[in-house]
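In: Okay, sequence plus prediction incoming.
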Amino acid sequence: MRSVTGLLRAASVSVIVAGVATGAGAADLSAFDGRWVMADDLDWCGNTSGETDEVPLVFRLTGLEPAIEGYESACAIAEITPIHGVAGASLVLECAGEGMTWTERSVLLLNDPDTVTIYTASDDTGGSTSTRIRCP
């Protein structure tokens, strides 16, 4: 049986090869920009980094310095590929936090305007899946 990491790597490669999209059918990457939390953590939406460790993930997929930031970690987006035909993107992230650096591969799928599913593969941590909702 293939590991989650192996499946995500294969999916990311497939997305990068088949998913380079522009114009009609390309995901609107600005739809991902914002603050995102797990459903049970809506009270974190008002928190800011430096005050507490209970902070939302901040997605900035558009602009001059696309990144994803969380508590004590930040990931620059080294590669971003919109997924053709769905509201999704494949990302290669260069991350740093707590004195360490690592590379992650993620696929983001926007289920609806306020819900995103994140599939992540990391050389260090294996793989994970999470669903988050947009902070109001």
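Out: Now that the structure is in, tell me what you want to look at.

In: contacts and neighbour counts: CA atoms only from here.
Out: Noted.

In: residue contacts, residue 37?
Out: Residue 37 makes contact with 44-45, 55-57, 132-135, according to Cα atoms under 8 Å, 6 or more residues apart in numbering.

In: Narrow these to those in strands?
Out: Among the contacts of residue 37, the ones falling in strands (DSSP state E) are 57, 132-134.

In: Now flag whichever of the residues you listed is closest to residue 38.
Out: Set against residue 38, the nearest of those by Cα to Cα is residue 132 (4.6 Å).

In: hang on, isn't the closest one packed against residue 116?
Out: Yes: counting by Cα atoms under 8 Å, residue 116 is a contact partner of residue 132 at 5.4 Å.

In: packing partners for the longest strand seen in the chain?
Out: Counting residues, the longest strand found in the chain (DSSP E) is strand 100-112. Using 3 or more Cα pairs under 8 Å, 6 or more residues apart in numbering; DSSP states H and E, the elements in contact with strand 100-112 are helix 4-18, strand 88-97, strand 115-122.

In: The second one pairs with which strands, and in what direction?
Out: I take that to be strand 88-97. Under the criterion DSSP bridges, strand 88-97 sits next to strand 73-82 (antiparallel), strand 100-112 (antiparallel) in its sheet.
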